[in-house]
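Asker: take this sequence and fold it.
(one chain, ligands or ions: 2)
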Amino acid sequence: MAPAVAFPTTDSAALTDFVINQGNGVKGLSELGLKALPKHYIQPEGERVDNSKIITNESIPIIDLSNWEDPKVADSICDAAEKWGFFQIVNHGVPVGVLDRVQDATHLFFGLPAAEKNKYSKDHSPSNSVRFGTSFSPQAEKALEWKDYLSLFYVSEEEAAALWPPACRDEVFEFMKGSDVVIKRLLQVLMKRLNVNEIDETKKSLLMGSVRVNLNYYPICPNPELTIGVGRHSDVSTLTILLQDEIGGLYVKGRQGDDSWIHVPPIKGSLVINIGDALQILSNGRYKSIEHRVVANASQNRISVPIFVNPRPSAMIGPLPEVVANGEKPIYKQVLYSDYVKHFFRKAHDGKATVEFAKIDA
Ligand SMILES: O=C(O)CCC(=O)C(=O)O
Ligand SMILES: [Fe+2]
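Answerer: Ligands and ions are numbered 1, 2, ... in the order given. Below is the predicted model:
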């Protein structure tokens, strides 16, 4: 039987203390067996997923990478990046055992006692590279999101070995390393269409100068229709490689320019790829970073593991010289990538608003 609720969940201070300060997260709330969603998680109607807005007559492309050398594969990747900003890849070369192990390790980490996970919270973590938290940006949000996370910024193998939680450290590292080849190939293909034929050191720092891996945990929610797992946002990355489990719940904004949403169906062994804001800016808008969000679930706990491939924080990002060489007008200015990321985290999730930060004023 679930334990009796030990505090009034209407009391903001008590809720913050339980969820954030003690490190119980929304997983802890969920396991109290609440009958109703605490008011802090009730999202304005526009932020919830409205079932009437979900379209089922379209789906994001699924690309088979078994024949890398086939130019048709490269075309499908670039077309998907231009038209959809989102696609799934199968036969990508990352062994299914690696994917299974990082999913098991994610469950293992979130299954640890709160006090153990809390060692990695903002107030206790020995390093900024390792952060356990809940929601997206609780200080900046009017309504909280129904998600806990562990965020791991990769600095070096030594640092990862010393600082990442032992419950998931080796498996996350194996997933990150195992995805290296497919990440490089995808970027090479995407660059070729932009007339960038070689990823030299400068390009490397712009495209893949840093990596962050998140472990996301979306526990069972008493009123999923009133809240959200992750609110509408686009990623600030160059490219995101996402491993989701078999539960489902990720929605991508439709292409009609209206408020329609498309489900990304789980496919065992596949990886979801999406273009982030940094690549939209570097490609001068040719590749699209598309809004997406995650619903909460009434009956199952869901996990996902995105790898965010990012520019180096100290890199200046703007439209690549190869892209504007033919006289194309730049629509973005040069911005310091770390400023861009700071801007993203300063506010609650708000769809595509972050990219305005880099727009050249009309
Ligand atoms: O959980 C998911 O499927 C997506 C998560 C996501 O969009 C993110 O972490 O940026
Ligand atoms: Fe995302």
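Asker: what residue ranges in the stretch 151-300 of the chain score low on pLDDT?
Answerer: The stretch 151-300 of the chain contains no residues with pLDDT under 70.
Asker: what about the helices in it?
Answerer: Along the stretch 151-300 of the chain, counting by DSSP state H, counting those that start in this stretch, helices occupy 157-163, 169-193, 201-208, 277-282.
Asker: what's the closest non-adjacent residue to residue 112?
Answerer: Spatially, and ignoring its direct neighbours in sequence, residue 112 is nearest to residue 167 (6.0 Å; CB to CB, 6 or more residues apart in numbering). No exception for glycine: its C-beta is placed from N, CA and C like everyone else's.
Asker: over to residue 241?
Answerer: Per CB to CB, 6+ apart, closest to residue 241 is residue 307, 4.4 Å.
Asker: so that neighbour sits in a helix?
Answerer: No. Remark: residue 307 does not belong to a helix; assigned using DSSP: H, G, I helix; E, B strand; the rest coil, it is strand.
Asker: residues contacting it?
Answerer: Residues counted as contacts of residue 307 (CB atoms under 8 Å, 6 or more residues apart in numbering) are 175, 176, 179, 183, 211, 212, 213, 240, 241, 242.
Asker: ok, back up a step: how much space between the residue nearest to residue 112 and ligand 1?
Answerer: Separation of residue 167 from ligand 1 (CB to the nearest ligand atom, to the nearest Å): 20 Å.
Asker: report how many residues lie close to that residue.
Answerer: For residue 167, the count of nearby residues is 19 (other CB atoms under 10 Å).
Asker: now do the contacts for residue 120.
Answerer: 130, 131, 132, 150, 165.
Asker: so which of these is surrounded by the most neighbours?
Answerer: Busiest of these [other CB under 10 Å] is residue 132, holding 26 neighbours.
Asker: so residue 18 touches residue 8, yeah?
Answerer: No. In terms of CB atoms under 8 Å, residue 18 does not count as a neighbour of residue 8; the distance is 10.7 Å.
Asker: and the two? Which one has more around it.
Answerer: residue 18 (21 against 9).
Asker: any idea how far the closest residue to the more buried one other than its chain neighbours lies from residue 30?
Answerer: Distance criterion CB to CB, 6+ apart; nearest residue to residue 18, sequence neighbours excluded, is residue 24 at 5.3 Å. As judged by CB to CB, to the nearest Å, residue 24 and residue 30 stand 10 Å apart.
Asker: do the same with residue 246
Answerer: To residue 30, residue 246 is 19 Å away according to CB to CB.
Asker: between these two, which one's more packed in?
Answerer: Neighbour totals were compared for residue 246 and residue 30, and residue 30 leads with 21 against 11 (other CB under 10 Å).
Asker: name all residues that make contact with the residue nearest to residue 112.
Answerer: Per CB under 8 Å, 6+ apart, neighbours of residue 167: 105, 108, 109, 112.
Asker: pick out the residue nearest the middle of this protein.
Answerer: By CA atoms, centre = their mean, the mean C-alpha position of the chain lies nearest to residue 306, the distance being 5.2 Å.
Asker: list the residues that contact the residue nearest to that residue when sequence neighbours are not counted.
Answerer: Nearest residue to residue 306, sequence neighbours excluded (CB to CB, 6+ apart): residue 242, at 4.4 Å. Counting by CB under 8 Å, 6+ apart, residue 242 touches 250, 271, 272, 273, 274, 304, 305, 306, 307.
Asker: so what's residue 242 bridging to?
Answerer: Following DSSP bridges, residue 242 is listed with bridge partners residue 272, residue 306.
Asker: check residue 148 too.
Answerer: residue 134, residue 217.
Asker: same thing with the one 4 residues further on?
Answerer: With DSSP bridges as the criterion, the beta-bridge partners of residue 152 are residue 130, residue 213.
Asker: I'd like the distance between residue 352 and residue 292.
Answerer: As for residue 352, its distance to residue 292 is 11 Å (criterion: CB to CB).
Asker: and what of residue 27?
Answerer: Taking CB to CB, one finds residue 27 at 22 Å from residue 292.
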